[in-house]
Structure formats: C-alpha cells, structure tokens
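# Sequence plus the predicted model coming up.
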Amino acid sequence: SPGPYIRIQSDQTYRIDSWGASSTGQRMCMAGSYSGSNCGVVTYGLATRNGIPHTYRANYCAQPGDSGGSVFAYGAARGSEIGGYSACDNVYYSASYFSQLNVVPLT
C-alpha cells in the first residue's frame with residue numbers, strides 16, 4: 001500500500017516526512033530503477049536545463065532509465081531525477097515546485 005517511503009538499497013525503506021527545496025553543498029540522494037540508491041552533493045542551485053525550470057544539479061550517480069526517481073535527503077523529498085550530463089553529474093526537478101505540476105508527495 002502507498003506510504004511515505006522510498007525503497008533504497010537492500011530492499012529497505014527510507015521514511016519521508018516532508019518535502020522542500022535544496023541548496024548548493026547539501027548532501028543529496030537518489031533512488032532510481034537502474035542505479036538503486038546512492039548519494040552525492042548539490043553542485044549547482046536553481047537553474048533551467050533544456051527548457052525545464054526549477055532544477056538542481058548534483059553529483060549522485062544515475063543511469064538512463066532512472067528518470068523520475070526520487071531525490072531525497074534528511075527525511076524530505078527534494079525532487080525527481082530528470083537526466084544528466086554524465087553518469088555522476090545529474091539534474092533533478094525541485095520538489096518545492098511540484099505544485100506547479102499538480103503533484104503532491106505522500107507524507
């Protein structure tokens with residue numbers, strides 16, 4: 001049943017209690033269908049990538065097929081993976097702008 005969790009490595013769950021913005025230098029994790037879960041750091045703040053506004057850049061690792069994966073840190077949903085420049089240089093859409101997409105994270 002749906003709940004406020006993200007499935008991470010070793011079939012464990014990570015509880016999400018809120019959602020919000022990110023900041024440069026903040027630790028950030030991503031859980032994707034192909035890469036599983038791993039963490040990095042936000043390297044670039046709010047920007048527009050390929051016409052998509054409200055994105056952040058981080059050095060967690062992802063592969064093609066991870067798009068839409070959960071981006072999270074410190075018990076909060078921070079965004080959704082949308083692509084990257086290389087395997088460990090990725091971009092995600094900020095959760096603080098999900099309402100513009102009519103998306104409300106379960107918490």
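All right, it came through fine.
# my guess is Ser96 meets Ala21, correct?
Yes - the criterion here is CB atoms under 8 Å, and Ser96 meets it with Ala21 at 4.2 Å. Where C-beta positions appear, they are placed from N, C-alpha and C, glycine not excepted.
# which residues pair with the residue nearest to the spatial centre of the chain across the strands?
In the chain, the centroid-proximal residue (CA atoms, centre = their mean) is Val71; its distance is 1.8 Å. Judged by DSSP bridges, the bridge partners of Val71 are Met30, Gly79.
# Please list all residues in contact with it.
Applying CB atoms under 8 Å, 6 or more residues apart in numbering to Val71 gives the contacts 28-30, 58, 60, 77-81, 92, 95.
# how near is it to Met28?
As for Val71, its distance to Met28 is 6 Å (criterion: CB to CB, to the nearest Å).
# I'd assumed Trp19 was in contact with Ala76.
Yes - judged on CB under 8 Å, Ala76 makes contact with Trp19 at a distance of 5.6 Å.
# Next, the buried residues of stretch 53-71.
Neighbour counts over stretch 53-71 (16 or more other CB atoms under 10 Å) mark 54-62, 66-67, 69-71 as buried.
# contacting residues for Ala62?
Neighbouring residues of Ala62 by CB under 8 Å, 6+ apart: 30, 32, 34-35, 69, 81, 84, 87-88, 90.
# Those in strands, which ones?
30, 32, 81, 84, 90 (DSSP state E).
# Mind putting the contacts of Val71 into a markdown table with distance to Ile6?
Converted to a markdown table, those look like this (distance: CB to CB, whole Å):
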| residue | distance to Ile6 |
| --- | --- |
| Met28 | 13 |
| Cys29 | 9 |
| Met30 | 10 |
| Ala58 | 16 |
| Tyr60 | 13 |
| Ala77 | 8 |
| Arg78 | 11 |
| Gly79 | 12 |
| Ser80 | 11 |
| Glu81 | 12 |
| Tyr92 | 14 |
| Ala95 | 12 |
